[in-house]
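> could you work out the structure for the sequence below:
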Amino acid sequence: MTPTDDGKAWDLTDLLGCSMGHVAETSDQQLAIYPAGQALTTMAGMSHGPYTSLDAALAAIEKHTRGVCRLSPGEDQP
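Next up, the predicted model:
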C-alpha cells in the first residue's frame with residue numbers, strides 16, 4: 001500500500017508491483033476498497049465497504065485473500 005498525494009486514498013499493489021486497485025475515502029468519511037486487475041477475481045465475494053478505518057479495510061483484504069497487507073517501506077500509517 002502506498003498513500004496517494006492527496007492523502008485520501010492508498011494504492012494497492014502486489015509484491016510484483018502489479019496494481020490491485022485502491023482504498024479510498026467515501027463521501028461519508030469512511031473507506032471503501034476498489035479492486036482492479038487480477039484483484040477483481042481475487043476479491044470477488046468480499047465486502048468492499050464501507051469500513052471505519054484503514055486497519056479495518058486491510059484486515060478484510062487479509063482475511064479474504066489469506067495474505068498480508070502492509071504499507072510501502074518508509075510510509076507511516078495515518
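> what comes into contact with the lengthiest helix in the chain?
For the chain, the helix with the greatest residue count under DSSP state H is helix 54-65. With contact meaning C-beta atoms under 8 Å, 6 or more residues apart in numbering, helix 54-65 is reached by 1, 10, 12, 23, 31-33, 42-43, 45-47, 49, 51, 67-69, 77-78. C-beta: built from backbone N, CA, C; applies to glycine.
> give me that answer again for 10 Å
Applying C-beta atoms under 10 Å, 6 or more residues apart in numbering, the contact partners of helix 54-65 are 1, 3, 10, 12, 14, 20-21, 23-25, 30-33, 35, 39, 42-51, 53, 67-71, 77-78.
> what of stretch 9-26?
Contacts of stretch 9-26 (C-beta under 10 Å, 6+ apart): 1-4, 6-8, 31-40, 42-43, 48-51, 54, 57-58, 60-61, 65, 67-69, 71-72, 75, 77-78.
> out of the residues you listed, which sit inside strands?
Of the contacts of stretch 9-26, the ones assigned to strands by DSSP state E are 2, 3, 31, 32, 33, 34, 35.
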